[in-house]
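>>> Here is a sequence with its predicted model. Questions after.
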Amino acid sequence: MNISNVEKQYDSMEHFYNVLYSGYNMKDWENEFINEYEDLLKNLKVNARVLDSSCGNGIQATALKRYGLNVIGTDISKEMINLTQQYAKDNNLFFPTKQLSWVELPDNFGEDFDIVFCYGNSICHSANKDELTSNIKALKKVTKNGGKIVIDTRNWDKILKDAVKYTTSDIKIYNNKKYILTYIWYLNGFNKRSSVEILFIEIINNKQTKCIPFKLDFTPFKYIDFIEILKACGLKIVKDNFKLNNDTYSIILEK
């Protein structure tokens, strides 16, 4: 991936990333995540090691730690690492974190992990097919033989079919401030660099507004092309819940 761009874009969001989650009970997000993958998690041996390779604000990594697993969180963004550490601390839980891109993982870990999570639609930040392949191979390298890799992504087939241009949110309240979020999508087709601009519109005294914009780059990919890349990397598909009309899907792979 273009490390400098992705890192800078997420670093620039700082606490605004948490605004995306405001209005939700974070424990509900944790429970939903654990419930989705409990069949996978409950079969792990004592002292199994789990990597959250795109830990964001720490919800999934903290959920895994709360579940009783030996978890490590990594992210390309220093600010996301800070958010993860703060969220874990707020929940009186502690686990190692490290600022790393996916391609840096094999230089820092061996075939150490029973499960590697790549969650939160992060894999689409790979700039092109070659980079996507390299990132997946890096995830594979740090997974134990017989271990699992879980990749969660937006359903770009549906998004491009629907030709999404704008999406908005309900009113969100964070740190006693009110926001409405507007997403402006700049979609250029499959396998072409695209972006979304997220406008955090702060509502001041219920009559004035202030706009704080952020931009994130990504590259949409077809589901069928993604499956071929995963297979070409030598990974076995264990579970795949893709449906054309769903907004997201996840794939569980085995090394």
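Received it, and whenever you're ready, just let me know what you need.
>>> For stretch 149-167, buried residues please.
Buried positions in stretch 149-167, judged by neighbour count with 16 or more other C-beta atoms under 10 Å: 149-158, 160. Using the backbone N, CA and C atoms, a C-beta is placed for each residue, glycine as well.
>>> First-to-last residue distance for it?
Using C-alpha to C-alpha, to the nearest Å, the end-to-end distance of stretch 149-167 comes out at 31 Å.
>>> And it, how far out from the chain middle?
14 Å (C-alpha atoms, centre = their mean, to the nearest Å).
>>> And stretch 14-30, by the same measure?
The answer for stretch 14-30 is 14 Å, by C-alpha atoms, centre = their mean.
>>> For it, buried residues please.
16-22, 26, 29-30.
>>> Asn70 is in contact with Asn47, correct?
Yes. Under the criterion of C-beta atoms under 8 Å, Asn47 makes contact with Asn70 at 6.2 Å.
>>> ok, those two, which is more surrounded?
When Asn47 and Asn70 are compared for neighbours, Asn70 comes out ahead with 16 against 8, by other C-beta atoms under 10 Å.
>>> Count the neighbours of the residue lying closest to the more buried one once chain neighbours are set aside for me.
Once flanking residues are discounted, Asn70 sits nearest to Arg49: 5.0 Å by C-beta to C-beta, 6 or more residues apart in numbering. Each residue near Arg49 was counted by other C-beta under 10 Å, and the total is 18.
>>> follow-up on the earlier one: put together TSV for the buried residues of stretch 14-30, with distance to Ile251, pLDDT and secondary structure on each row.
Shown next, in TSV, are those (distance: C-beta to C-beta, whole Å; pLDDT from 0 to 100; DSSP: H, G, I helix; E, B strand; the rest coil):
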residue	distance to Ile251	pLDDT	secondary structure
Phe16	29	93	helix
Tyr17	25	93	helix
Asn18	27	92	helix
Val19	29	93	helix
Leu20	24	92	coil
Tyr21	24	90	coil
Ser22	29	89	coil
Met26	25	90	helix
Trp29	20	94	helix
Glu30	21	96	helix
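>>> of all the residues you listed, which comes closest to Cys211?
Using C-beta to C-beta, Phe16 comes nearest to Cys211 of the buried residues of stretch 14-30, at 12.1 Å.
>>> What score does Glu14 have for pLDDT?
On pLDDT, Glu14 comes in at 85.
>>> Distance check, the spatially closest residue to it that is not a sequence neighbour against Arg154.
Spatially, and ignoring its direct neighbours in sequence, Glu14 is nearest to Glu79 (5.1 Å; C-beta to C-beta, 6+ apart). Distance of Glu79 to Arg154, given as C-beta to C-beta, to the nearest Å: 22 Å.
>>> what's the answer for Phe242, then?
According to C-beta to C-beta, Phe242 and Arg154 sit 11 Å apart.
>>> How about Lys27?
Counting by C-beta to C-beta, the gap from Lys27 to Arg154 is 24 Å.
>>> next one: Ser250
Ser250 is 11 Å from Arg154, by C-beta to C-beta.
>>> hmm, back to that, doesn't Asp114 make contact with the residue nearest to Asn70?
Yes. Using C-beta under 8 Å, Arg49 is in contact with Asp114, at 5.8 Å.
>>> tell me the contacts of the nearest residue to Asn108 once chain neighbours are set aside?
Of all residues not flanking Asn108 in the chain, Leu100 sits nearest, at 6.0 Å (C-beta to C-beta, 6+ apart). By C-beta atoms under 8 Å, 6 or more residues apart in numbering, the contact list for Leu100 reads 74-76, 108.
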